[in-house]
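[1] Sequence and predicted model, in that order:
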Amino acid sequence: MAESTSQTATGADDENLSFISNFNDIFLAIGLLMLAAGMTIACFVVLAGFGGITRPAMMAAFALFTGSAGVFWLLAEFFARRKRQTIPGIAIFVVFNGFVVAGLVAAFCLTVFSEQFWQTLDLKELSSESITKRYQVVSVLFGLSGAVASSAFYARFKLPFASAIAAASIIGLPFMAFTAIPTLDDPRPLNYEITIATGVFLFILGIWFDLRDSERSTRFSDNAFWMHFFAAPLILQAAFQPLLLSGGESGAYDFSLAFSAERAAIVLASLLGFAFVSLLINRRALIVAGLLYAGWAIGVLMNNAGLGAGAMAAMTLVLLGGMVVVLGAGWHGIRRVLIAPFPKTGFVA
């Protein structure tokens with residue numbers, strides 16, 4: 001009884017990765033990815049026999065890629081549904097979605113490009129006004145297809161990884177439909193509204209799954225893990241986008257060390273806030289996702305202090321590594337101190 005209680009307490013206080021059971025799962029996943037790579041190469045070998053980008057080639061591509069997606073759905077029936085092997089299921093899901101997207105690209109080429117394009121193969125049509133006007137509709141269709149494919153996969157196989165992808169696809173749809181989508185002539189970073197909305201939605205959904213399984217002993221805990229896993233980089237990217245865009249909304253990301261110390265200090269202070277949230281909800285995803293930003297900010301501060309490249313690299317790695325080691329070793333003790341002022345019962349608890 002004491003051992004059971006101890007296990008329960010540990011399970012409720014840790015992020016146990018129940019989807020990793022043994023090395024055979026990884027072994028199978030490697031085999032499945034190799035099989036997918038071979039099938040993909042075979043598809044392109046067949047398509048090369050058509051002698052170029054033609055309507056028959058696109059029709060063959062649609063048939064080959066959707067057929068390949070069907071093969072991996074059948075593999076999911078065995079590995080994900082019957083054997084309940086999560087890592088192979090994740091590999092199958094990724095490959096399945098990849099083949100679905102490839103089939104949709106072929107269908108897109110068949111339905112959007114004009115007859116003149118197929119006769120001349122004039123690639124300038126890719127940036128013509130007619131294609132640009134359809135870009136938003138096509139983006140929504142691709143997003144909808146991804147949402148349907150991911151949702152169907154989760155509904156059938158109950159794979160937690162698929163639930164996060166499905167949720168991200170669904171929340172992104174209205175924003176893809178009603179916000180400004182970059183055209184092929186005007187590439188921009190990922191739309192800010194889509195990024196922040198998707199990240200916050202996944203974070204809230206992760207909290208909801210955590211509330212349904214406070215002991216972290218069921219599939220809901222795995223669902224929450226993947227929600228936080230994907231939410232963390234999206235939230236951080238949206239939070240730091242204004243600081244890292246060098247030329248406004250249409251500018252490129254700039255990770256140079258020439259930034260001001262004030263910007264680096266803002267990033268570090270924000271990351272401390274995210275670390276505080278991670279400790280409160282007992283999820284490490286926000287901290288892990290923020291390591292790149294923390295390393296960049298520390299590097300900027302070191303550069304402003306006039307340190308050389310070698311010393312700067314050493315200090316950055318020592319500080320980051322030390323922080324991770326301290327948090328990893330003292331996670332539970334730090335949490336106990338932080339949550340002490342909060343209520344012990346009710347929704348907040």
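    That came through fine.

[2] Which positions in the strand or helix carrying T66 come out as buried?
    Taking DSSP states H and E as the definition, T66 sits inside helix 55-76. Across helix 55-76, burial judged by 16 or more other C-beta atoms under 10 Å covers 57-58, 60-62, 64-66, 68-69, 71-73, 75-76. Quick note: C-beta positions are derived from backbone N, CA and C, even for glycine.

[3] Check which helices and strands it sits against.
    Here helix 55-76 touches helix 23-48, helix 86-112, helix 129-157, going by 3 or more C-beta pairs under 8 Å, 6 or more residues apart in numbering; DSSP states H and E.

[4] What's the mean pLDDT across the second one?
    Going back to what we said before, that points to helix 86-112. Average pLDDT, helix 86-112: 85.

[5] What are the buried residues along that helix?
    86-104, 106-109.

[6] picking up where we left off before, nearest to N282, of the helices and strands packed on helix 55-76?
    Nearest to N282, of all the helices and strands packed on helix 55-76, is helix 86-112, at 21.4 Å by C-beta to C-beta.

[7] okay, the angle between the closest one and helix 23-48?
    Interaxial angle, helix 86-112 versus helix 23-48 (axes from the mean of the first three to the mean of the last three C-alpha atoms, to 10 degrees): 20 degrees.

[8] How far does helix 86-112 sit from its chain's centre?
    Put simply, helix 86-112 sits 16 Å off its chain's centre (C-alpha atoms, centre = their mean, to the nearest Å).

[9] middle-most residue in the protein, spatially?
    Most central in the chain under C-alpha atoms, centre = their mean is F230, positioned 4.5 Å from the mean C-alpha point.

[10] ok, it - contacts?
    Counting by C-beta atoms under 8 Å, 6 or more residues apart in numbering, F230 makes contact with 164-165, 168, 202.

[11] Compute the distance between it and G273, please.
    The gap separating F230 from G273 is 20 Å, by C-beta to C-beta, to the nearest Å.

[12] picking up where we left off before, work out for me the element the residue nearest to the centre of the chain sits within.
    Here F230 is assigned to helix 219-244, by DSSP H and E.

[13] ok, then the element right after that helix?
    Once the chain leaves helix 219-244, the next helix or strand it forms, by DSSP H and E, is helix 261-281.

[14] got a list of what the nearest residue to R81 once chain neighbours are set aside touches?
    Excluding the flanking residues, the one nearest R81 by C-beta to C-beta, 6 or more residues apart in numbering is F157, at 5.2 Å. Listed by C-beta under 8 Å, 6+ apart, the contact set of F157 reads 76, 80-81, 89, 93.

[15] and those residues, which two are the farthest apart?
    So, the contacts of F157 by C-beta to C-beta: farthest apart are R81 and F93, at 12.1 Å.

[16] how far away is the spatially closest residue to A149 that is not a sequence neighbour from I87?
    Leaving out its chain neighbours, the residue that sits closest to A149 by C-beta to C-beta, 6+ apart is V100, at 5.0 Å. Applying C-beta to C-beta, the value for V100 to I87 is 21 Å.

[17] Low-confidence regions, this structure specifically.
    Along the chain, segments meeting pLDDT under 70 span 1-21, 52-53, 111-141, 174-192, 244-259, 349.

[18] longest helix of it?
    Assignment by DSSP state H gives helix 309-339 as the longest helix of the chain.

[19] Specify the angle between that helix and helix 261-281 in degrees.
    Using the same axes, to 10 degrees: helix 309-339 against helix 261-281 is 40 degrees.
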